[in-house]
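J.: coords please:
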Amino acid sequence: MSGTPHIKSLNVAIETTFGSVDVATGLVDASAIIGYVSIECERAPILVIGETPVNERPDTRTEFYVHAPEPDTACDTSGNPIPRRTGQLTIDMVHRMVGSATTFADYAAMPIGMLFNSVFRSTVPPGALTDTIGAGVSVTEFTPGILGNFADGIMICQAQDGVGEYSYVTDASGANVIMSPAMANAPTGTMRIGTTFTPATQFNQLGPSLAFRGDGDGFRWYATGCRPSSVSITADPRMVKMSWTIECSHIYDDNGNAAVSEPVIGDGCVAHMLQARTVVSTAAVNGVAAPAAEARTEMIVDDFSASLTWTLASRGTSSTPIGVADLEVTDFVAEVDLMASIACAPLTQDTFLRRELHSVSVGLSNVAAGNGLNIYLPAAALQADPNIRDLSGDIIRHHYLFKQSGPWTGDATGTASSPGGKPFRIGLGN
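T.: Residues are numbered from 1 along each chain as shown. A predicted model of the protein is given here:
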């Protein structure tokens, strides 16, 4: 907060068309978007962002004279250059859940859900948000109350002995639902069914692009045609925080209409890496076996961070002043970094040297109505030798750095239209 008292609020909205170009005028008009939500975030990173794209034209020099750089922008129908900047926006925020859905109806209406949905495929529960299940057959199998409430690849969770247990459906095609990784106990009672975000395999699976509005003392700017390019998820010290980097295709000012919006704070809990288990598969994962139901080993995690990075490529167009038809995700990389003061038995030097794959499920919140957060790599590869200890602190710690790997087809009917068979998933509790 220090040093940024002029920044008042940051608002986000879903675009109906990429870049929010007015079809009547051909100009960008983000002020007409209905549904801006003021984000609960830290003000410090939110500045007047972007730089004007220019062409320096060094080849036009004559003797010792230079020409002013030429702004790289179109003119409107009156012959006036269109003000334009491009750049990145950084948003630091805590991870809050949807709660009782009174402030936000669902994750699609919530800023965190908007951000994830813009670069991931979102899969909501196919039926009810909960299911009263029958007898737990085993720690990886149970009899559903209603089979139609479950789908391959989707996150499921429940509190067992007061501790959050997370798993993912690997087969929902028979009388019983098979899941992986295993829970601590055979599940009984209420099973909560989460909203699951996975990498999109087709461009049309991405959610809509976003528009942002920054308000301050006497100034306002809009950024349109926006999608995240990365997010860093950390526990500080146990509270889960996120730092987003947003790529903005078009930024312009509207200082004459500056205003202030109070942050909209959801009624869900802020995620804490407490009362939830982090587990790895006890045995190596065969990424092409189907279905997979894995025994698990709990990890005692001292510190956690994750980095998700999307490579965005511009799809060009000449029909708008932005010159970008959309931003397409062409690559995705997930890294999960865990520090443990107690060694995890399945993760050895030999595991790294033999390039074994293990599933990793990181619990980041206890399970309750409208709450829950989990990161899941069904086939993760160690990126460094775990025999290298971290000696920087008072306690010797073991360093486990994972990256999503594969191929992974370990869900029974994972398809392009389901989260099954995807190499990375993040689940939000309903």
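
J.: gap between the spatially most central residue of the chain and residue 253?
T.: Taking C-alpha atoms, centre = their mean as the criterion, residue 116 is the residue nearest the geometric centre of the chain, at 4.1 Å. Counting by C-beta to C-beta, to the nearest Å, the gap from residue 116 to residue 253 is 29 Å. For glycine as for every other residue, the C-beta is placed from the backbone atoms N, C-alpha and C.

J.: can you check residue 155 too?
T.: 42 Å.

J.: can you check residue 93 too?
T.: Applying C-beta to C-beta to residue 93 and residue 253 gives a distance of 24 Å.

J.: of those two, who's got more company?
T.: The neighbour count for residue 93 versus residue 253, taken as other C-beta atoms under 10 Å, is higher for residue 93 (20 against 16).

J.: which helix or which strand is home to the residue nearest to that one when sequence neighbours are not counted?
T.: Leaving out its chain neighbours, the residue that sits closest to residue 93 by C-beta to C-beta, 6 or more residues apart in numbering is residue 41, at 4.1 Å. According to DSSP states H and E, residue 41 maps onto no helix or strand at all.

J.: quick check, residue 41 in contact with residue 91.
T.: Yes. The criterion here is C-beta atoms under 8 Å, and residue 41 meets it with residue 91 at 5.2 Å.

J.: need the overlap of contacts for the two.
T.: Listed contacts common to residue 41 and residue 91 are residue 10; contacts here mean C-beta atoms under 8 Å, 6 or more residues apart in numbering.

J.: show me the shaky parts of the stretch 151-300 of the chain.
T.: For the stretch 151-300 of the chain, the stretches with pLDDT under 70 are 258, 287-293.

J.: all strands for it, in order.
T.: Per DSSP state E, counting those that start in this stretch, the stretch 151-300 of the chain carries strands over the ranges 155-160, 163-171, 177-180, 189-193, 195-198, 210-216, 219-235, 240-253, 278-281, 296-299.

J.: need these in JSON lines with distance to residue 50, can you?
T.: Below are those laid out as JSON lines (distance: least, C-beta to C-beta, whole Å):
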{"stretch": "strand 155-160", "distance to residue 50": "37"}
{"stretch": "strand 163-171", "distance to residue 50": "39"}
{"stretch": "strand 177-180", "distance to residue 50": "45"}
{"stretch": "strand 189-193", "distance to residue 50": "41"}
{"stretch": "strand 195-198", "distance to residue 50": "28"}
{"stretch": "strand 210-216", "distance to residue 50": "10"}
{"stretch": "strand 219-235", "distance to residue 50": "7"}
{"stretch": "strand 240-253", "distance to residue 50": "4"}
{"stretch": "strand 278-281", "distance to residue 50": "39"}
{"stretch": "strand 296-299", "distance to residue 50": "42"}
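
J.: and of those strands, who's closest to residue 149?
T.: When the strands of the stretch 151-300 of the chain are compared by C-beta to C-beta, strand 189-193 sits nearest residue 149, at 6.0 Å.

J.: what packs against that closest one?
T.: strand 130-133, strand 155-160 (3 or more C-beta pairs under 8 Å, 6 or more residues apart in numbering; DSSP states H and E).

J.: out of the ones you listed, indicate the one that is most buried.
T.: strand 155-160 (a mean of 24; mean count of other C-beta atoms under 10 Å).

J.: list the strands paired with it, with their directions.
T.: Sheet pairing of strand 155-160 (DSSP bridges) gives strand 163-171 (antiparallel), strand 189-193 (antiparallel).

J.: single out the most deeply packed of these.
T.: Most buried among those, counting by mean count of other C-beta under 10 Å: strand 163-171, with a mean of 25.

J.: the nearest residue to residue 295 once chain neighbours are set aside and residue 376, how far apart?
T.: Excluding the flanking residues, the one nearest residue 295 by C-beta to C-beta, 6+ apart is residue 282, at 4.5 Å. From residue 282 over to residue 376 the distance is 16 Å, taken as C-beta to C-beta.

J.: repeat that for residue 273.
T.: 15 Å.

J.: those two: which is more packed in?
T.: Between residue 273 and residue 376, residue 376 has the larger neighbour count (other C-beta under 10 Å), namely 28 against 22.

J.: who does whichever strand or helix holds the more buried one pair up with?
T.: Following DSSP H and E, one finds residue 376 within strand 373-382. When pairing is defined by DSSP bridges, strand 373-382 lines up against strand 357-363 (antiparallel), strand 397-404 (antiparallel), strand 425-428 (antiparallel).
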